[in-house]
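Participant: Take this sequence and fold it.
(chains A and B)
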Amino acid sequence: NAGVTQTPKFRILKIGQSMTLQCTQDMNHNYMYWYRQDPGMGLKLIYYSVGAGITDKGEVPNGYNVSRSTTEDFPLRLELAAPSQTSVYFCASRGPIRYNEQFFGPGTRLTVL
Amino acid sequence: AQSVAQPEDQVNVAEGNPLTVKCTYSVSGNPYLFWYVQYPNRGLQFLLKYITGDNLVKGSYGFEAEFNKSQTSFHLKKPSALVSDSALYFCAVRDLADSNYQLIWGAGTKLIIKP
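Facilitator: A predicted model of the protein is given here:
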């Protein structure tokens, strides 16, 4: 049981480039989340999904896109990277009950130069 | 508006002393409250949560938290700090009156335990 895995661990992008951050969970969780964590700040929700085929915007969705074709995978797409997207990105998942805790991946550290 | 405040950016404690990391919240309905810990270059790990019932909640690694409804607080505590407790701690709340059931996160408190 690997939990939540994310790839890559680190990435440097040039302004205007695009990339996909991968997230996979093996706990059969319907709920999945993408957060960004800026230095000295808490987590900001980018997008979330309540099940395969269903996604919705969080607090800071601009510049990002997601898809959820399977229960296990929830990739985050960055189009036209900007320096403001330099951050650490975390994927998380949780079970179906409202008070279930979230399980986090190890994060992807992204730098846009 | 829903919010979570962690009023201290950093807390310094000597090893063996009790520690408290503060958290206050503002929601319109009843809350579910969570504490997570983040070690350097790692993802967040769940510590404990309050759902209902006993106001004192016990969690992982000897941590506990006390829910105080009148003060809208959920402070994290440990009777005797270890150097290995040094990490970043996040408080989060879910407002049951919010149909989205999203977590609202505090900004985090850096806990430093000195030998």
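
Participant: Assess the claim that residue B:115 and residue B:13 are in contact.
Facilitator: No. Look at residue B:115 against residue B:13 with C-beta atoms under 8 Å: they stay out of range, at 11.1 Å. All C-beta atoms are positioned from the backbone trio N, CA, C, and that covers glycine.

Participant: quick one: which of these two has more around it?
Facilitator: Neighbour totals were compared for residue B:115 and residue B:13, and residue B:13 leads with 19 against 7 (other C-beta atoms under 10 Å in any protein chain shown).

Participant: other SSEs contacting the helix or strand harbouring that one?
Facilitator: Assigned by DSSP states H and E, residue B:13 belongs to strand B:10-14. When contacts are defined as 3 or more C-beta pairs under 8 Å, 6 or more residues apart in numbering or on different chains; DSSP states H and E, strand B:10-14 packs onto strand B:19-21, strand B:109-114.

Participant: And the average pLDDT for that strand is what?
Facilitator: On average, the pLDDT along strand B:10-14 is 98.

Participant: and that strand, which strands flank it?
Facilitator: Taking DSSP bridges as the criterion, strand B:10-14 pairs within the sheet with strand B:109-114 (parallel).

Participant: Pull out the buried residues from the partner strand.
Facilitator: Within strand B:109-114, the residues that count as buried by 16 or more other C-beta atoms under 10 Å in any protein chain shown are B:109-111, B:113.

Participant: Closest one to residue B:45 out of those, please.
Facilitator: Closest approach to residue B:45 among the buried residues of strand B:109-114 (C-beta to C-beta): residue B:111, at 13.8 Å.
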